[in-house]
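Colleague: Quick one: sequence plus predicted model below, questions after.
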Amino acid sequence: MARMTGKDMVIEALKREGIDLVFGFPGGAIIDVYDALEKDGNVKHVLVRHEQGAAHAADGYARATGKVGVCLVTSGPGATNTVTGIATASMDSVPIVVFTGQVPTSLIGNDAFQEVDIVGITRPCTKHNYLVRDVKDLPRILKEAFYIARSGRPGPVLVDLPKDVQNGKAEFEYPDEIGLRSYNPVTKPNAKQIERAFSLIRQAKRPIIYAGGGIIISGAHKELRAFAEAVNAPVTMTLMGLGGFPGTHRLSLGMLGMHGTYAANMAMANSDLIIAAGARFDDRVTGKIEAFVPKAKIIHLDIDPTSIQKNVRVDIPIVGDCKMALRGLLNIVEDEGRPAEDWIEQHQAWMQQIEAWKARHPLTYKKEPGVIKPQYVIERLYEMTKGRAIITTEVGQNQMWTAQFYKFDEPRTLLTSGGLGTMGYGFPAAIGAQMAFPDKLVIDVAGDGSIQMNIQEMATAMEQHLPVKIVILNNQFLGMVRQWQELFYGRRYAATKFEWNPDFVKLAEAYGAKGFRATIPEEVDDVLSRGLEAEGLVVMEFAIAPEEGVFPMVPAGKATTEMLLV
Amino acid sequence: MKHTLSVLVENTPGALSRITGLFSGRGFNIESLSVAATLDPTLSHLTLVTKGDDPIIEQIIKQLRRLVDVYKVVDVSEGEFVEREMALIKVRAEDETRAEVLRTCDIFRCKVVDVSPRTYTVEVTGPESKLKAVIELLSPIGIKEISRTGTIAMAREKKTA
Ligand SMILES: Cc1cc2nc3c(=O)[nH]c(=O)nc-3n(C[C@H](O)[C@H](O)[C@H](O)COP(=O)(O)OP(=O)(O)OC[C@H]3O[C@@H](n4cnc5c(N)ncnc54)[C@H](O)[C@@H]3O)c2cc1C
Ligand SMILES: Cc1ncc(C[n+]2csc(CCOP(=O)(O)OP(=O)(O)O)c2C)c(N)n1
Ligand SMILES: [Mg+2]
């Protein structure tokens, strides 16, 4: 066993955890770890321009790869700047580990320079966090931090490193195993519960699978598809579940909920059995809770017991990893060996009804000559990228149009802030994803409002030679809020109109990137093809219809069948 | 409905504030909370009295179990259990009321633990209902100060072998 400084332990732990990339921003309280990082030279560091960007980039990296994203910042303002990023990761169950510098332990509590109680501040928005008081504890804490971040229901973990702990020395023995008696997430689902679930599935006439982010987290997309096909059941996805089941599949109903498809919401409301897999019955999905799925029995597969029975009563809870649970269900289906035609016949009337709903109100929009419709931009983006890009989004209408009109066939191809709805997430997340996949096409679909929240990261992308493509749907509005004002606040556009925006093309050029702009529909294809083909960082700005809305829409607090349609 | 939860947590800095933060952050209610060491110095024992309908209590228990520092949660009020609370009550005891205070203490088996010319300080132990009764009886006489421990509880052992 070798004696080692705390700062070297951090670097050593990164390497043992297979982390070869961190996102960060230095300062006095973390300078020692930076020094160790530099001396070691094996872990790549991406210098961002704002610590929020570092947290989102680590998050984007984690969502795109399924691995833990890491970020490194200084004490005080460096630490507080990561809070939005940590809360974003927490709401969407993303594994990141955030290292923050801290004043020396002797000064903690003294209002020392750049001291902030970041462990206190982030307690409610981390899965767990640590203030390391003694360098002797550091190896264990480092091991636990990564384990907790990625296991069970993943989430952010923060490790606060006082300066004297960074420089103190202790024996370094990195534990092989975790000995956390108080933390033992259940992954293996109960076999009896799976059998009970199957007997409901066996009888259901109008089943629907409601798939969420847990499918993607657990890598259950293959099992989900095989199961849905085997029992011939339609699948709808939450925003976080998009890509967990192929959007182009005949059994896909697209997204459900507030801006979900008509067919998905009608099917949920009329179903007799809902199979919820890795989804948490968010209020954007349930609408008015009293009116939600009145006729259905509910099977709920989730690794986190708190997600179950939180918002709705569940008939068959199955706690555990949903990949294993779906595998279990599939095994029973296969063992039973019932002919496929029987399943098809059992759901025939149901599938016909669903087809009728799909045909009655498909996702659509009105074309207008001379005006670029945002949906058209996304449709063309989908067609020109053949659905093969990694798409990140900002928040607002841009996000919903993307969710509706880009068909995601593969998991981890849509990275979006669902739970917290963080404007400014998409671009740094795209940087994280592009760092992970240098050869993939990574596109941030942005609004003119959101992009300005972390636009400084253009310098980061340029510095790292990242060919991220930014599509700005510029409506000169905080469009999603404006839509609510239009519909529910008598068209009083309080503080949602941007009287001034920068020239995004020139701004791109100022950063050394390329910029293109389309102002009429005829220019859309040209800008997209030139922009997508251009090397390096590119901004494509589309001057879209300023008051275009996102439809369908379930007004807040209404039943999900009370949709406003195009 | 009132529930009494017995919670074992890792004896680490911050563990208690994770628990209280959970309650305030999620709008759960804490009627009383008491914490102390256990025989195992690495664990603390916490008795928490809370109120809510069944789904809320279910959420509270699951949310507590989800905390990385929480080792064990038992809803002792699910079965037979003993609960005790202690209060120190400083009550006005002037000439005409001194005897009445003592009489009340006697009935409830309270102990007088401090005496001054104008006050008695009374120690009362028992289930919350008993404390409530004593406080109600002493209130008209004049309670100057009161300090309560909050409830502690334990499940009863089975009476049959
Ligand atoms: C402007 C805006 C509009 C929105 N509109 C909509 C909308 O119309 N429709 C919509 O659906 N969403 C919408 N959202 C997103 C919404 O707020 C929620 O983020 C989303 O619905 C939650 O998705 P989810 O239920 O899949 O849960 P997630 O947040 O993805 O949670 C995943 C669930 O899976 C579980 N899990 C994790 N790992 C596993 C595992 N290994 N095995 C089993 N379970 C696991 C977790 O415990 C959790 O319960 C919108 C967001 C914004 C910002
Ligand atoms: C950080 C943050 N602040 C405020 C909001 C509230 N909000 C939700 S959508 C939205 C409008 C976003 O505008 P823009 O990025 O231009 O997107 P659009 O809706 O116009 O496509 C706002 C302000 C938010 N989600 N995040
Ligand atoms: Mg906008």
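Modeller: Cool, got the structure. Ligands and ions are numbered 1, 2, ... in the order given.
Colleague: wait, what's in contact with residue 133?
Modeller: All of this is about chain A. A:105, A:162, A:165, B:13 (CB atoms under 8 Å, 6 or more residues apart in numbering or on different chains). Placement of C-beta: from N, CA and C, glycine included.
Colleague: My question was about chain B, not that one.
Modeller: Per CB under 8 Å, 6+ apart, neighbours of residue B:133: residue B:108.
Colleague: what about stretch B:107-117, distance to the chain center?
Modeller: 20 Å (CA atoms, centre = their mean, to the nearest Å).
Colleague: Buried subset of the contacts of residue A:133 as a PyMOL selection?
Modeller: Selecting only the buried entries of the contacts of residue A:133 in PyMOL, with 16 or more other CB atoms under 10 Å in any protein chain shown as the criterion:
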select buried, chain A and resi 105+162+165
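Colleague: Among the contacts of residue A:133, which lie within strands?
Modeller: Among the contacts of residue A:133, the members falling in strands (DSSP state E) are residue A:162.
Colleague: Need the contacts of residue A:133 in a markdown table (columns: distance to ligand 1).
Modeller: Converted to a markdown table, those look like this (distance: CB to the nearest ligand atom, whole Å):
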| residue | distance to ligand 1 |
| --- | --- |
| A:105 | 35 |
| A:162 | 33 |
| A:165 | 32 |
| B:13 | 28 |
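Colleague: mind giving me TSV with the contacts of residue A:133 and columns for distance to ligand 3?
Modeller: Formatted as TSV, the contacts of residue A:133 follow (distance: CB to the ion, whole Å):
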residue	distance to ligand 3
A:105	47
A:162	43
A:165	45
B:13	45
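Colleague: need the residues of the stretch 301-450 of chain A near ligand 1, please.
Modeller: Taking CB under 6 Å from any ligand atom as the contact definition, the stretch 301-450 of chain A meets ligand 1 at A:301-304, A:307, A:321-322, A:395, A:399-400, A:418-419, A:421.
Colleague: What about ligand 2: which of the residues you listed touch it?
Modeller: A:395, A:421.
Colleague: Which positions in chain A make contact with chain B?
Modeller: A:119-120, A:123-124, A:127-129, A:131, A:133, A:148, A:180-183, A:304-306, A:309-310 (CB under 8 Å from any CB of the partner chain).
Colleague: Between the two ends of stretch A:295-311, how far is it?
Modeller: 16 Å (CA to CA, to the nearest Å).
Colleague: And for stretch A:3-21?
Modeller: Rule used - CA to CA; the end-to-end distance of stretch A:3-21 is 25 Å.
Colleague: Most neighbours out of the residues of the stretch 301-450 of chain A next to ligand 1, which is it?
Modeller: Within those, most neighbours by other CB atoms under 10 Å in any protein chain shown means residue A:301, with 34 neighbours.
Colleague: Residues in contact with whatever helix or strand that residue lives in: which ones?
Modeller: Assigned by DSSP states H and E, residue A:301 falls within strand A:297-302. Contacts with strand A:297-302, where a contact means CB under 8 Å, 6+ apart, come from A:189, A:197, A:200-201, A:204, A:214, A:272-280, A:307-308, A:312-320, A:322, A:325-326.
Colleague: Whichever of those end up buried, select them in ChimeraX.
Modeller: Of the contacts of strand A:297-302, the buried ones can be selected in ChimeraX as follows, counting by 16+ other CB under 10 Å:
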select /A:189,197,200,201,204,214,272,273,274,275,276,277,278,279,280,307,308,312,314,316,317,318,319,320,322,325,326
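Colleague: Of the contacts of strand A:297-302, which belong to strands?
Modeller: A:273-277, A:316-319.
Colleague: I'd like to know how many residues surround the residue of the stretch 101-250 of chain A found nearest ligand 3.
Modeller: Residue nearest to ligand 3 within the stretch 101-250 of chain A (CB to the ion): residue A:239, separated by 18.5 Å. Neighbour count for residue A:239, taken as other CB under 10 Å: 28.
Colleague: check contacts around it.
Modeller: Contacts of residue A:239 by CB under 8 Å, 6+ apart are A:255, A:257, A:284, A:399, A:403, A:416, A:418.
Colleague: Mind exporting the C-alpha coordinates of the longest strand along chain B to CSV?
Modeller: Counting by DSSP E, the longest strand found in chain B is strand B:81-92. Coordinates of the C-alpha atoms in strand B:81-92 are reproduced here as CSV (Å, rounded to 0.1, in the frame of the first residue of the first chain):
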residue,chain,number,x,y,z
PHE,B,81,-45.9,-1.2,20.5
VAL,B,82,-44.9,0.7,23.6
GLU,B,83,-44.4,4.4,23.3
ARG,B,84,-43.1,6.9,25.9
GLU,B,85,-42.5,10.5,26.1
MET,B,86,-41.1,12.6,28.9
ALA,B,87,-41.8,16.2,29.8
LEU,B,88,-40.4,18.6,32.3
ILE,B,89,-43.1,21.0,33.3
LYS,B,90,-42.4,24.1,35.4
VAL,B,91,-45.6,25.0,37.0
ARG,B,92,-46.7,27.9,39.1
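Colleague: Report the buried residues of that strand.
Modeller: B:83-87, B:89-91.
Colleague: Can you name every helix or strand that it contacts?
Modeller: Using 3 or more CB pairs under 8 Å, 6 or more residues apart in numbering or on different chains; DSSP states H and E, the elements in contact with strand B:81-92 are strand B:119-126, helix B:128-138, strand B:143-148, strand B:152-155.
Colleague: could you flag which of the residues of chain A next to chain B are buried?
Modeller: Buried among these (16+ other CB under 10 Å): A:119, A:123, A:127-129, A:131, A:133, A:148, A:180, A:182-183, A:304-306, A:309-310.
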